[in-house]
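**Q** here is a sequence together with a model predicted from it:
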Amino acid sequence: MHAINPEKLYHSKWTAVRPRNKEKHFLVTALERDEEETVVAVVLEAVYTRRETTLPWRALQDEATWQMGWR
């Protein structure tokens, strides 16, 4: 499991383990926060298609789905 600091996710790079629609490399373009300013979700933008996806930031800890950095 990745040790991830949610405050440092902005502009981080991620690689999908099983790419779909030629979308393999992603960049975190926004952080969504709750009322206490705690990060609850991230917006990932596919580098190839520019399509955005929002998911809970803890989903990035799943090594079967995401790898830190571009590979």
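**A** In hand now; what should we look at?
**Q** strands of the protein, start to end?
**A** Ranges of strands in the chain, per DSSP state E, are 13-20, 23-33, 39-46, 52-56, 66-68.
**Q** wait, which of those strands is closest to Ala3?
**A** When those are compared by CB to CB, strand 66-68 sits nearest Ala3, at 10.0 Å. Heads up, the C-betas are built off the backbone N, CA and C, glycines and all.
**Q** poorly predicted segments of this structure, please.
**A** 1-2 (pLDDT under 70).
**Q** how about the strands of the chain in a markdown table, adding mean neighbour count?
**A** Listed next are these as a markdown table, based on neighbours: other CB atoms under 10 Å:
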| stretch | mean neighbour count |
| --- | --- |
| strand 13-20 | 13 |
| strand 23-33 | 16 |
| strand 39-46 | 18 |
| strand 52-56 | 12 |
| strand 66-68 | 16 |
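**Q** now distance to Pro6 too, for the ones you listed, in CSV please.
**A** Shown next, in CSV, are these (distance: least, CB to CB, whole Å):
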stretch, distance to Pro6
strand 13-20, 14
strand 23-33, 7
strand 39-46, 4
strand 52-56, 10
strand 66-68, 14
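**Q** so which of those gets nearest Glu7?
**A** strand 39-46 (6.6 Å).
**Q** got the angle between the closest one and strand 52-56?
**A** Going by axes from the mean of the first three to the mean of the last three CA atoms, to 10 degrees, strand 39-46 is angled at 150 degrees with respect to strand 52-56.
**Q** sheet partners, orientation included, of strand 39-46?
**A** Partners of strand 39-46 in the sheet, by DSSP bridges, are strand 23-33 (antiparallel), strand 52-56 (antiparallel).
**Q** make a markdown table from those strands and add distance to Lys13 to it.
**A** Listed next are the strands paired with strand 39-46 as a markdown table, based on distance: least, CB to CB, whole Å:
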| stretch | distance to Lys13 |
| --- | --- |
| strand 23-33 | 6 |
| strand 52-56 | 15 |
